[in-house]
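J.: predicted model follows, preceded by the sequence.
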Amino acid sequence: MKNSYAYLHRHRGKLSLVAMAVQEPDLIDINPKTNRPFTRDEFVGFAKGYLGADIIFWSVSSPWLNQK
């Protein structure tokens, strides 16, 4: 939150393309509001709503990519 996220948030809607990656360490981060790992919807909400992301790169170990 102290590095590029603040920049992306401040310039949300002004940049031609914003992409972010959800990597393995992110998948085990705990949401302090729920005391559970962040969900796909929470990642998407943060990426689009807070950062203004156009593209999200998901780790191949993201559980929602392996659901059948």
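T.: That came through, no problem.
J.: which residue ranges of this protein form strands?
T.: Assigned strands in the chain, in chain order: 19-22, 30-31, 36-37, 55-58 (criterion: DSSP state E).
J.: output the ones you listed in TSV, with mean neighbour count, mean pLDDT and distance to R10 appended to each entry.
T.: Using the backbone N, CA and C atoms, a C-beta is placed for each residue, glycine as well. Output for these, formatted as TSV (neighbours: other CB atoms under 10 Å; pLDDT from 0 to 100; distance: least, CB to CB, whole Å):
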stretch	mean neighbour count	mean pLDDT	distance to R10
strand 19-22	15	95	15
strand 30-31	10	96	24
strand 36-37	11	96	28
strand 55-58	13	97	19
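J.: now render those as CSV, adding distance to K48.
T.: Conversion of the strands of the chain to CSV gives the following (distance: least, CB to CB, whole Å):
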stretch, distance to K48
strand 19-22, 10
strand 30-31, 17
strand 36-37, 19
strand 55-58, 8
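J.: out of those strands, flag the one nearest Y7.
T.: Between Y7 and these, the shortest separation by CB to CB is 12.4 Å, and it involves strand 19-22.
J.: what strands line up against that closest one, and which way round?
T.: Next to strand 19-22 in the sheet, as set by DSSP bridges, lie strand 55-58 (parallel).
J.: would you mind writing the CA trace of the partner strand as PDB?
T.: Output for strand 55-58, consisting of C-alpha atoms alone and laid out as PDB, is shown next (Å, rounded to 0.1, in the frame of the first residue of the first chain):
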ATOM      1  CA  ILE A  55      -6.100  -6.300 -16.300                       C
ATOM      2  CA  ILE A  56      -5.500  -8.800 -13.500                       C
ATOM      3  CA  PHE A  57      -2.900 -11.500 -13.800                       C
ATOM      4  CA  TRP A  58      -3.700 -14.500 -11.600                       C
END
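J.: which one, of the strands of the chain, ends up nearest to A6?
T.: Of all the strands of the chain, strand 19-22 sits nearest to A6, with 13.6 Å by CB to CB.
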